[in-house]
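Asker: Show me how the following folds:
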Amino acid sequence: MDIRDEIFVIIVSSLPISELRGAIPLGVAEGLSIEKTYLLAVMGNLLPVLPLFFFFKYLFHKLENIKFVGSLLRKWRVTVEKKSSLIENLGFWGLVLFVAIPSPFTGAWTATLAANLLGFKLRRAWLAIFLGVLIAGVIVSLAVTGVIKLWFTFTCR
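Answerer: From the prediction side, this is the model:
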């Protein structure tokens, strides 16, 4: 176990594609305890939320006019708009569930953009994303440690 492994978990969990869904399996594979990995991944996943909230609010539309970056951002925004019906219908708890479900494009980054598009206030958005990240981290941790596999093994016989 090395401090570089811990830093790597934080960095991977703060990236938009992997987030904690990739960081938790990575940390465990590197020999970190599940508890330490969970805490590092949650911390790393939440690091970009506040800066992104302001970034999306003030710079997103300006960057959409840049040729390469703009096309990527527009595609991402369309994807977020399609997936945000849960958030629109359930509000705060919809945003929590959106982040908590560990599937592609439902993490903290996408939720931050969705919260901006749907007009969430910063405190409310951050709290919902925080709760969602905690839940997603538990689900991924359970899956990584095999608890879910064991549950299905013993209950589906």
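Asker: Surely Thr79 is in contact with Phe105?
Answerer: Yes - between Thr79 and Phe105 a contact is recorded at 6.0 Å, counting by C-beta atoms under 8 Å. All C-beta spots, glycine's among them, are computed from the backbone N, C-alpha and C.
Asker: What is the three-state secondary structure of Thr37?
Answerer: Per DSSP: H, G, I helix; E, B strand; the rest coil, the local secondary structure of Thr37 is helix.
Asker: hang on, it packs against Ala23?
Answerer: Yes - counting by C-beta under 8 Å, Thr37 does reach Ala23; the two are 7.4 Å apart.
Asker: Give me the common contacts of those two.
Answerer: Each of Val9 lies in contact with both Thr37 and Ala23 under the rule C-beta atoms under 8 Å, 6 or more residues apart in numbering.
Asker: Go through the chain and flag its longest helix.
Answerer: Ordering each helix of the chain by length in residues (DSSP state H) puts helix 122-145 first.
Asker: List the neighbours of that one that are in contact with it.
Answerer: So helix 122-145 is contacted by 20-21, 24-25, 28, 34, 37-38, 41-42, 45-46, 49-50, 53, 92-93, 95-102, 107-108, 111-112, 115-116, 120, 148-149 (C-beta under 8 Å, 6+ apart).
Asker: Mind doing that once more with 7 Å?
Answerer: 20-21, 24-25, 28, 34, 38, 41-42, 45-46, 49-50, 53, 92, 95-96, 98-100, 102, 108, 111-112, 115, 148 (C-beta atoms under 7 Å, 6 or more residues apart in numbering).
Asker: how about it: buried residues?
Answerer: 125-126, 128-137, 139-142, 144 (16 or more other C-beta atoms under 10 Å).
Asker: for stretch 31-41, same thing?
Answerer: The neighbour-count check on stretch 31-41 (16+ other C-beta under 10 Å) flags Leu32, Thr37, Tyr38, Leu39, Leu40, Ala41 as buried.
Asker: and the residues you listed as CSV, adding distance to Ile10?
Answerer: Below are the buried residues of stretch 31-41 laid out as CSV (distance: C-beta to C-beta, whole Å):
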residue, distance to Ile10
Leu32, 11
Thr37, 10
Tyr38, 12
Leu39, 10
Leu40, 5
Ala41, 8
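Asker: Please consider this matter closed, and thank you.
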